[in-house]
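K.L.:
Quick check, what structure comes out for this input:
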Amino acid sequence: MESAKVASYLGFCRRAGKLALGVNAAAAVRGRVYLIVADEAASPGTRKEIARLADRFACPLVWVNGLETLVHKDACKVAAVREQHLAEAIVRECADGAAE
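P.N.:
Have a look, this model is predicted:
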């Protein structure tokens, strides 16, 4: 995965107001979530909560390294993407990176 592109896509979502950062913020989202992006360094309890969020929103779940660096927020372990096209671009980028 090319993290620079993922960071750019997440930045676009954040500037558009279509990104919820943190487990509590993601859980409070009303409406559609198209993608959950989670940090691989999340604790086991946080991983369970992230899995519940992905089930609740019926959306894909992508695991990345260093999410807090990508979104420029300390201790951030989960981001909920609420913009369909950017969510699709992130999933494509992560799938392309896994194939390499």
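K.L.:
name the element the residue nearest the centre of the chain belongs to?
P.N.:
Against the mean C-alpha coordinate of the chain, by Cα atoms, centre = their mean, the closest residue is Val37 at 2.0 Å. For Val37, the element it lies in under DSSP states H and E is strand 35-39.
K.L.:
swap in Ala79?
P.N.:
strand 78-81.
K.L.:
Which residues outside that strand are in contact with it?
P.N.:
10, 13, 18-23, 25-26, 29, 33-39, 42, 46, 49-50, 53, 57, 67, 71, 87, 90 (Cβ atoms under 8 Å, 6 or more residues apart in numbering). The C-beta positions use only the backbone N, C-alpha and C, and glycine is treated the same way.
K.L.:
and the longest helix that the chain contains, what does it pack onto?
P.N.:
Taking DSSP state H as the criterion, the chain has its longest helix at helix 84-99. Other helices and strands packing on helix 84-99, by 3 or more Cβ pairs under 8 Å, 6 or more residues apart in numbering; DSSP states H and E, are helix 3-15, strand 35-39, strand 61-64.
K.L.:
Point out the one among these that comes closest to Glu83.
P.N.:
Closest approach to Glu83 among those (Cβ to Cβ): helix 3-15, 5.4 Å.
K.L.:
the inter-axis angle of the closest one versus strand 35-39?
P.N.:
Going by axes from the mean of the first three to the mean of the last three Cα atoms, to 10 degrees, helix 3-15 is angled at 120 degrees with respect to strand 35-39.
K.L.:
List the buried residues of helix 3-15.
P.N.:
The neighbour-count check on helix 3-15 (16 or more other Cβ atoms under 10 Å) flags 3, 5-10, 12-14 as buried.
K.L.:
Just put those in TSV and tack on pLDDT and distance to Leu61.
P.N.:
Shown next, in TSV, are the buried residues of helix 3-15 (pLDDT from 0 to 100; distance: Cβ to Cβ, whole Å):
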residue	pLDDT	distance to Leu61
Ser3	80	17
Lys5	92	19
Val6	93	14
Ala7	93	18
Ser8	95	20
Tyr9	96	16
Leu10	96	15
Phe12	96	20
Cys13	96	16
Arg14	95	19
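K.L.:
now, which of these sits nearest Lys77?
P.N.:
Leu10 (13.7 Å).
K.L.:
Thanks a lot, see you next time.
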